[in-house]
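Colleague: Quick one: sequence and predicted model below, then my questions.
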Amino acid sequence: MREEKLVVGLGDDLYEVERPWALDGAAFKGGRITDVAVDADDNAHVLVRYDRYVDPAGLPVVVVVAPDGSVLRSHELPGVTDGHGITIGPRGEALIADRDRHEIQVLDATGEVVLRLGERNRPGRPFSHPANAAVHPNGDIYVADGYGNSVVHRFSAGGTLLKTWGSPGAGAGEFTTPHDLAFGLQGEVIVCDRENNRIQFFDPDGAFIREAMDLFHPMGIVVEPDGCILVSDQIPRLTRLSPEGKLLGRCRPVLNAGHGLAQDSKGNILLAEIRDNRLTRLTRKG
């Protein structure tokens, strides 16, 4: 008998829940599926991290999964201790946030490091436990920093620090755990301000534009091709907002929150469930 899949909705769009999809985190001997990103070929790059206090020998790994769920390849990250976030840049490069080493690494398709941001093991230069990084359409790199700092940094494509904004607090342009970021169709920098239960919108130079509330500890964010915004939070639920931040739809596709979030070109949504150590796919119906 064929298993009946759960169906969830975001506004008028319906999705079948595939949980787990492609990977079982238990296969990684103590590793935890922490984040996921999608490349131009719709391959999912799944970041598996290890708790260095529990398993000091564990090496973070990136597993690349084809759209049909088959594993294409994987590569360990011997230079990464605490792989927290991953995004894919316009040339297929992977940006890895090594949170507790206070460093962002940019890797080519073979896993070789081509750029480092921050000074390893030197908190405050400029990072203090950064959460994630991403390449803006203008080519600059933005970093959500993160667990020790309460700021966003802007770097040139070559790694020069151009600007830092933010401070601890709950006001406009202030943060408590900036956890992830993405970019609007007009170039806005949209930041998950996790413990302030909101996302904030800024122009590329860091000027505050607006905020969207009614999110409980938002963790992952994706901007869709039409400018709508997907946000995962710790309810756990998944929210779709308009480009201006107005609520369009909500669902509960996972049991224990999507720490990481991605979307492929067909509109399918991927969530990294770090607590249950699973990857979940929402397959768009119709």
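Modeller: Arrived safely, thanks for sending.

Colleague: Please enumerate the strands of the stretch 151-286 of the chain.
Modeller: Assigned by DSSP state E, counting those that start in this stretch, the stretch 151-286 of the chain shows strands spanning 151-155, 161-165, 178-183, 189-193, 198-202, 208-212, 220-223, 229-233, 237-241, 247-251, 260-263, 269-273, 278-284.

Colleague: for those, which one ends up most surrounded?
Modeller: strand 269-273 (a mean of 28; mean count of other C-beta atoms under 10 Å). Backbone N, C-alpha and C define where each C-beta goes, glycine included.

Colleague: Dump the strands of the stretch 151-286 of the chain to JSON lines, plus distance to A144 and mean pLDDT.
Modeller: Converted to JSON lines, the strands of the stretch 151-286 of the chain look like this (distance: least, C-beta to C-beta, whole Å; pLDDT from 0 to 100):
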{"stretch": "strand 151-155", "distance to A144": "6", "mean pLDDT": "98"}
{"stretch": "strand 161-165", "distance to A144": "12", "mean pLDDT": "98"}
{"stretch": "strand 178-183", "distance to A144": "4", "mean pLDDT": "98"}
{"stretch": "strand 189-193", "distance to A144": "6", "mean pLDDT": "98"}
{"stretch": "strand 198-202", "distance to A144": "11", "mean pLDDT": "98"}
{"stretch": "strand 208-212", "distance to A144": "15", "mean pLDDT": "98"}
{"stretch": "strand 220-223", "distance to A144": "10", "mean pLDDT": "98"}
{"stretch": "strand 229-233", "distance to A144": "14", "mean pLDDT": "98"}
{"stretch": "strand 237-241", "distance to A144": "18", "mean pLDDT": "98"}
{"stretch": "strand 247-251", "distance to A144": "23", "mean pLDDT": "98"}
{"stretch": "strand 260-263", "distance to A144": "13", "mean pLDDT": "98"}
{"stretch": "strand 269-273", "distance to A144": "16", "mean pLDDT": "97"}
{"stretch": "strand 278-284", "distance to A144": "22", "mean pLDDT": "96"}
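
Colleague: a markdown table please, covering these and showing distance to A131.
Modeller: Formatted as a markdown table, the strands of the stretch 151-286 of the chain follow (distance: least, C-beta to C-beta, whole Å):
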| stretch | distance to A131 |
| --- | --- |
| strand 151-155 | 10 |
| strand 161-165 | 15 |
| strand 178-183 | 5 |
| strand 189-193 | 9 |
| strand 198-202 | 14 |
| strand 208-212 | 18 |
| strand 220-223 | 11 |
| strand 229-233 | 14 |
| strand 237-241 | 19 |
| strand 247-251 | 24 |
| strand 260-263 | 11 |
| strand 269-273 | 14 |
| strand 278-284 | 19 |
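
Colleague: Which among these is found nearest to E3?
Modeller: The closest of the strands of the stretch 151-286 of the chain to E3 is strand 278-284. By C-beta to C-beta, the value is 13.9 Å.

Colleague: P20: which of the strands of the stretch 151-286 of the chain is closest?
Modeller: Comparing the strands of the stretch 151-286 of the chain by C-beta to C-beta, strand 278-284 comes nearest, at 4.0 Å.

Colleague: Look at stretch 31-50 and report the distance between its end residues.
Modeller: As for stretch 31-50, its first-to-last residue distance stands at 5 Å under the measure C-alpha to C-alpha, to the nearest Å.

Colleague: nope, stretch 158-172 is what I meant
Modeller: 30 Å.

Colleague: Give me the distance from that stretch to the chain's centre.
Modeller: How far stretch 158-172 lies from its chain's middle: 18 Å, per C-alpha atoms, centre = their mean, to the nearest Å.

Colleague: Stretch 182-200 too?
Modeller: Distance of stretch 182-200 from the chain centroid (C-alpha atoms, centre = their mean) equals 12 Å.

Colleague: Relative to V17, how far out is the closest residue to I199 other than its chain neighbours?
Modeller: Spatial nearest neighbour of I199, excluding adjacent residues (C-beta to C-beta, 6 or more residues apart in numbering): A212 at 5.1 Å. A212 sits 25 Å away from V17, going by C-beta to C-beta, to the nearest Å.

Colleague: quick one: buried residues of the helix or strand bottoming out on mean pLDDT in the chain?
Modeller: Ranked by mean pLDDT, DSSP states H and E, the helix or strand of the chain with the weakest confidence is strand 71-76, at a mean of 93. Within strand 71-76, the residues scored as buried using 16 or more other C-beta atoms under 10 Å are H75.
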